[in-house]
Each structure stands twice: as C-alpha cells, then as structure tokens.
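> Have a look at this prediction, sequence included:
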Amino acid sequence: GPILVAEQLPGDSPIKRVALDYIQRYEARFGIGSYSTFGAHAWDAWLILRPALERALRRADPDRDLAAFRAALRDEIEATRGLVATHGVFTFSREDHLGLRFEDAAVMVRVEGGRWRLERVFR
C-alpha cells in the first residue's frame, strides 16, 4: 500500500500527508524506521472507528440497548465517505465493507537496495 512509499508519493496525493503524519507520530515514539504497514492498518481502523463511534453514541446507548448501538455503529461506518488514511481513501456502503478503490489504494513498488521504491501510482 501507499504507506510503504509515503515520502515518494506525488505531492498532490491526499494519502501522502496522512501517511507522513502517521510515520512521524510512530517514529517519534518507537524510533526511526520502526513503522510498518501493519501498524498503519491499525491506525486507519482507528481513523474510521473513532468518528463512527462518536456518531453512533449519539444515536444509541450501548449500556441500554447493545443491539441498537451495534446497528448504529455499523450504519455510521457504512456512512463514511472520503476518509483519507494511510492505505487509501475509504468510502464504505452497505455493499462495500472494504471501502477502498484500486486507484486510491494501490501502488506498484520494487525493492531496490533493500528499500521500497515507488514505480507507479494508478490514479
């Protein structure tokens, strides 16, 4: 995904800013070169979940009606549109729980000298 080559993404990539921000935050805590695609997936999940949770909690109280809260949370995640994250731009729907388009989430890379090198952006 784009996080692997964040610094090499074109300047107009909406993902670049978010990915570089994640890398800076992670490396400030765990050291230069410590970030990985796996941690970035967890970060993206938080970027998706936090606002959806805030909206769902306004609609339903999990302590009073857990089923209603779970439905509200699902609905709020499915209502997420254009959320820029480290692996792409997420837009969910009832039919699409992956939320990523190929054009936003895929990059072609190669390994050169033990490092990822951006070959192509597909958008």
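Done, it's in. Numbering: from 1, shown residues only.
> Can you give me the pLDDT of residue 78?
Residue 78 is assigned 98 on the pLDDT scale.
> An error on my part: the question was meant for residue 101.
For residue 101, the pLDDT comes out at 89.
> Look up how far residue 92 lies from it.
Per C-beta to C-beta, to the nearest Å, residue 101 is found 12 Å from residue 92. The C-beta positions use only the backbone N, C-alpha and C, and glycine is treated the same way.
> who's more crowded, the two?
Using other C-beta atoms under 10 Å as the criterion, residue 101 and residue 92 rank with residue 92 on top: 20 against 15.
> residues in contact with that one?
77-81, 99 (C-beta atoms under 8 Å, 6 or more residues apart in numbering).
> and if you look at residue 15?
With the criterion set at C-beta under 8 Å, 6+ apart, residue 15 makes contact with 2, 6, 9, 84-89, 104.
> swap the cut-off to 10 Å and go again
Going by C-beta atoms under 10 Å, 6 or more residues apart in numbering, residue 15 touches 1-3, 6, 9, 84-89, 104-105, 107, 121, 123.
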